[in-house]
Every structure is written in C-alpha cells, then in structure tokens.
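>>> let's see this in three dimensions:
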Amino acid sequence: MRAQRRYGSSLIRKIESTDQVKRERAKRRDVEAMHGRALVRWANLMAVAGRPELAFLLHVPNGGARSASTGAELKRQGVRRGVWDYFLPMQRRPDEAMPYAGLWIELKEPSERRSIRGGLSPQQMAFGRFVHGHGFATVVAYEWTEARDALAAYLDAQVVPFFWCPLGTENLT
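So this is what the prediction gives:
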C-alpha cells in the first residue's frame, strides 16, 4: 500500500509484469535445459554402449545470465551471439549427397515450435544458414528426442533433415 502511494500503481503493475516476463523466460530456459540434459545423458550412455563418437558431442554455452564483467571477458575470448547449442565434430558422407563436415544442433523449448522464426534469434538464423552453406548438417530440435533422432541418422550416414521451418520441418538437404 505504501509503495503504491509512493510510486503509483501503474509503476507497480509495470514492475510486476516485468518480473513475470523474467520468470517466464527462466521457466523456458529450465525446460530447454531439461531437454539438453536428457540429450547429453542419452549420448553418454550410447557412447559407452557402442557409439563412441557420441563422447565428443559438445555443448556451446553461449546463453545464460552472467555479470557484465564475465560477459565482457567471454566476448574477448571469442564467445559469439547466435552460435548453436550442440556440435558433433565428425565428418559423415550420406548416400548420394555431399559430405557433412559435422553436425550442429540448436535445441529449443517445445512451445517455441510455432513461434515466429521457430524461436530462433536473427543471429541464430544467420549462423545456421552460414554453417549449413559450408557443408555442416544443421538441425533445430524442439525436444531432446528430435535431437537424438538427428544424431542417430547422422551417425548412420543418412541424410540429416534440415529442420528450419518454424511451423514444422522441411528436408532442405
């Protein structure tokens, strides 16, 4: 009550809505992180069970909340906006197609599937187009199982679907 008199009720509502947006963003990151953990857990199990290549699946931690000084230091070290989440540094030659130099995966929360650009930022879209144009297989996955299926197809030297369309998937390879 005292805060409303002091700052005005419209400012309080604005602050509360900003807090709600921050909470929603944190929830989305948690869902995406949960899918990422499931993907890495599967890859680690498969690396032991006969797919040793999956031991080299790596995560690129470009996002997340950091202090300004940490962010500036990471930028000086070469962190780039838009770089995708997971990379498998392994060349594959699918039947009747150009060889892939490696596989990049961008993992998004399932609810972003139908959003504008499929939840990809303009920098992520530019990065995806760039690496795909230079011979890398690229997949935007909205659940860890989609990423798992793409990894399995890649390891079996199959053509990997290039998931780009925000309202579904397209094979553009």
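>>> can you pull out the low-pLDDT segments for this protein?
1-29, 94-98, 159-173 (pLDDT under 70).
>>> so what's the residue nearest to Asn62 when sequence neighbours are not counted up against?
Closest residue in space to Asn62, ignoring its immediate chain neighbours: Val83 at 5.1 Å, by Cβ to Cβ, 6 or more residues apart in numbering. No exception for glycine: its C-beta is placed from N, CA and C like everyone else's. Taking Cβ atoms under 8 Å, 6 or more residues apart in numbering as the contact definition, Val83 lies against 60, 62, 127.
>>> quick one: which of those residues is most hemmed in?
In terms of neighbours by other Cβ atoms under 10 Å, these top out with Phe127 at 21 neighbours.
>>> and the next element down the chain from the host helix or strand of that residue?
Following DSSP states H and E, one finds Phe127 within helix 122-133. Using DSSP H and E, the helix or strand that follows helix 122-133 in sequence is strand 137-141.
>>> please name the strands paired to that following strand in the sheet, noting orientation.
Using DSSP bridges, strand 137-141 pairs in its sheet with strand 103-107 (parallel).
>>> hang on, the residue nearest to Asn62 in a helix?
No. Secondary structure assignment places Val83 outside any helix; it is coil (DSSP: H, G, I helix; E, B strand; the rest coil).
>>> that one and Gly133, how far apart?
Remark: distance between Val83 and Gly133 (Cβ to Cβ, to the nearest Å) = 15 Å.
>>> also Tyr154?
18 Å.
>>> who has more neighbours, the two?
A count of neighbours by other Cβ under 10 Å puts Tyr154 above the other of Tyr154 and Gly133, at 22 against 9.
>>> so which residues of the chain form helices?
Along the chain, counting by DSSP state H, helices occupy 2-7, 9-48, 68-76, 122-133, 144-155.
>>> what angle do the last one and strand 137-141 make?
When you say that, I think you mean helix 144-155. Helix 144-155 and strand 137-141 are oriented at 160 degrees to each other (axes from the mean of the first three to the mean of the last three Cα atoms, to 10 degrees).
>>> in helix 144-155, what counts as buried?
144, 146-148, 150-151, 153-155 (16 or more other Cβ atoms under 10 Å).
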